[in-house]
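A.B. asks: model this:
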Amino acid sequence: MNRILCAGLLALGALAATPLFAAGSAIKPGRYDAMMLAVTPDHQVQGYYLEELGEGVSRRCTFYLQGAIDGPSPAPVTTWRTEALPGSIAASDKGVVLTVARGDEHPGCSSVLGPMIAKGLPLQRIDTRPWIGLVSIAADKAYLLKAPGSKAGKRPYIIKNDVVGVLEYKDGWARVEYVNGDDRSFKGWIRADQFAKLVPPQG
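C.D. replies: Numbers count the residues shown, from 1 in each chain. Next up is the predicted model:
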């Protein structure tokens, strides 16, 4: 066999044998393709997946996830939108791999993800962010204040059901970051009664 061809086949074989997960890599908070991830001080991962396809009548897949990442990898997580479904997440060379055996059962996800998520969905890291949690906006409109209790003035605001990254908690307030579709970042303080923490359904 041609020596160059043989070497090429050996290289392909080595590539195929490369594990999908990156040994020793840590899951970092930030954005991964269509998913936001936060890592809490007590080593919990929190996530929010949102992907839309099509124009006009679009297809939309969205769900949350949560789990402890201080044990072996892949780490078990709970994913949910209306129903809680088990899955796992692991760091990879370029981001993370999310696996949910019944993930296409989350509302809208069968037409967006199909069976891919059941086998392991690779998500490439876009950037890292210092998020220590994720919260969903519960108020109709929450202004991003410069400091806790300051006046709204002409400050930017976020709306109900937006999911934002938490930068810090302080005395009944949270400093959050919202990144819009144009990659513009908006930061500010919101009151505890304006947001809800991500909690999987029980039972």
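
A.B. asks: going forward, measure contacts between C-alpha atoms and count neighbours the same way
C.D. replies: Fine.

A.B. asks: give me every residue that touches Leu37.
C.D. replies: Contacts for Leu37 (CA atoms under 8 Å, 6 or more residues apart in numbering) come out as 28-31, 45-48, 131, 134.

A.B. asks: Of those residues, which belong to helices?
C.D. replies: Among these, no member falls in helices (DSSP state H).

A.B. asks: Adding neighbour count as columns, could you present those in CSV?
C.D. replies: CSV is the format used below for the contacts of Leu37 (neighbours: other CA atoms under 10 Å):
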residue, neighbour count
Lys28, 20
Pro29, 23
Gly30, 21
Arg31, 22
Val45, 25
Gln46, 28
Gly47, 26
Tyr48, 24
Trp131, 23
Leu134, 27
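
A.B. asks: and of those residues, the nearest to Thr99?
C.D. replies: Gly47 (13.2 Å; CA to CA).

A.B. asks: Just list whatever residues bridge to that closest one.
C.D. replies: Using DSSP bridges, the bridge partners assigned to Gly47 are Leu37, Leu65.

A.B. asks: So for it, what's the pLDDT?
C.D. replies: Note for Gly47: predicted pLDDT of 98.

A.B. asks: Cross-check the contact I'm expecting between it and Met36.
C.D. replies: Yes: with contact defined as CA atoms under 8 Å, Gly47 counts as touching Met36 (5.4 Å).

A.B. asks: nearest to Lys141, of the contacts of Leu37?
C.D. replies: Leu134 (17.3 Å).

A.B. asks: Domain boundaries for this protein, per the record?
C.D. replies: Listed domain ranges for the chain are 30-37+48-126, 133-197 (source: automatic domain parsing).

A.B. asks: State the distance from Phe63 to Thr82.
C.D. replies: Plainly put, Phe63 is 9 Å away from Thr82 if you go by CA to CA, to the nearest Å.

A.B. asks: okay, the closest residue to Val179 other than its chain neighbours: pLDDT?
C.D. replies: Spatial nearest neighbour of Val179, excluding adjacent residues (CA to CA, 6 or more residues apart in numbering): Ser185 at 4.5 Å. For Ser185, the model assigns a pLDDT of 97.

A.B. asks: mind showing which ranges of the chain have poor pLDDT?
C.D. replies: 1-24, 56-57, 203 (pLDDT under 70).

A.B. asks: Can you show me the helices along it?
C.D. replies: Counting by DSSP H, the helices of the chain are 3-17, 116-119.
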